[in-house]
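*Asks:* Give me a 3D structure for the following:
(one chain, ligands or ions: 1)
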Amino acid sequence: MATVIDGKAVAQTIRSEIAEEVRALSQKYGKVPGLAVVIVGNRKDSQSYVGMKRKACAELGIKSFDIDLPEQVSESDLIKQVHQLNVNPDVHGILVQLPLPKHINEEKVLSEISLGKDVDGFHPLNIGKLAMKDRDPLFLPCTPKACIELLSRSGVSIKGKKAVVVGRSNIVGLPASLLLLKADATVTIVHSRTTQPESIIREADIVIAAAGQPMMIKGSWIKPGAAVIDVGTNAVDDPTKKSGYRLVGDVDFEEASKVAGWITPVPGGVGPMTVTMLLHNTLEGAKRCFEKNH
Ligand SMILES: Nc1nc(=O)c2c([nH]1)NC[C@@H]1CN(c3ccc(C(=O)N[C@@H](CCC(=O)O)C(=O)O)cc3)C=[N+]21
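*Replies:* Sure thing, here's the model as predicted:
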């Protein structure tokens, strides 16, 4: 049976470490880190994620700036907001919750975020630096960083291992493969056009599942003893739940946990760590800013 990696517990440990550092910064500089969380429209999932981020800020002593814009906001008004946050000295991190409404060009908006405040790591220049050998972006994207942190805190070494990433999205699959590559894994990306994904996944010592397909990866696809990090957060109907749905990962946990060496659950795996890495990035951004102005 696999060791189940308790993302919630690891996240809690790191959050206490961050809270401690926030206290120290506030004593030293008389200032606290600030995170602006921008949400456009009222998608239920986005509101729930944004709520978690703002709540976590409050718990750690990070000041959150809540910007809620209507679905119909124009691209230029959203960009104006971003510019205001860029020059606000109390804001050290800016997060624009994705996805944005269709009439807004996401890449254009993300490109306007000041590089030093890009705590999501989604600015094209930060992504570019992530892709370059011997270069580092100012911020690592939160979910891929969460995956690596969960592996290293579980004692899973990456160097020289065969890693397979399932999914090639800009926010998870692609940057996760780049991070694994930087950590000296041999990396393969499996995606929707890959023929026979299972035979490739079965070779992997490390699997990062980020396809957004509920329970797509079966137990028989997993190499015995592999480390399986499940990024999937898929809502499936469940009439037995008060909400009417439950969350499942991209991995069939029941089956895979009998074969894997390590596995993350959904919920309670990567999700809480993603939010924690955002807070960590905000702390780093604030530290750099305080030190520079001191
Ligand atoms: N600019 C931007 N940055 C993001 O980081 C970003 C985003 N946009 N858009 C959407 C995705 C999704 N995402 C999650 C965060 C936390 C959980 C999380 O904490 N999930 C809990 C369960 C939550 C629940 O019960 O509903 C868990 O897995 O245990 C999941 C998913 C961040 N994203």
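*Asks:* From here on, just use CA atoms for contacts and neighbour counts.
*Replies:* OK.
*Asks:* For the ligand, see how far away the residue nearest the centre of the chain is.
*Replies:* In the chain, the residue lying closest to the centroid (C-alpha atoms, centre = their mean) is Thr143, at 1.9 Å. Per C-alpha to the nearest ligand atom, to the nearest Å, Thr143 is found 7 Å from the ligand.
*Asks:* And for Thr264?
*Replies:* Taking C-alpha to the nearest ligand atom, one finds Thr264 at 10 Å from the ligand.
*Asks:* So the residue nearest to the centre of the chain lies in a helix, does it not?
*Replies:* Yes - read with DSSP: H, G, I helix; E, B strand; the rest coil, Thr143 is one of the residues of a helix.
*Asks:* Quickly check: the strand or helix carrying Ile208 near the ligand or not.
*Replies:* Using DSSP states H and E, Ile208 falls within strand 206-209. No - Strand 206-209 is not in contact with the ligand by C-alpha under 6 Å from any ligand atom; minimum separation 13.4 Å.
*Asks:* Which strands or helices does that strand pack on?
*Replies:* strand 162-166, strand 227-230 (3 or more C-alpha pairs under 8 Å, 6 or more residues apart in numbering; DSSP states H and E).
*Asks:* Could you export those strands as JSON lines, including distance to Lys28 and mean neighbour count?
*Replies:* Listed next are those as JSON lines, based on distance: least, C-alpha to C-alpha, whole Å; neighbours: other C-alpha atoms under 10 Å:
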{"stretch": "strand 162-166", "distance to Lys28": "42", "mean neighbour count": "26"}
{"stretch": "strand 227-230", "distance to Lys28": "38", "mean neighbour count": "30"}
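*Asks:* can you tell which of those is closest to the ligand?
*Replies:* Among these, the nearest to the ligand by C-alpha to the nearest ligand atom is strand 227-230 (9.5 Å).
*Asks:* Output the set of residues of the chain in proximity to the ligand.
*Replies:* Residues of the chain lying close to the ligand by C-alpha under 6 Å from any ligand atom are 49, 95-98, 120, 266-272, 274-275.
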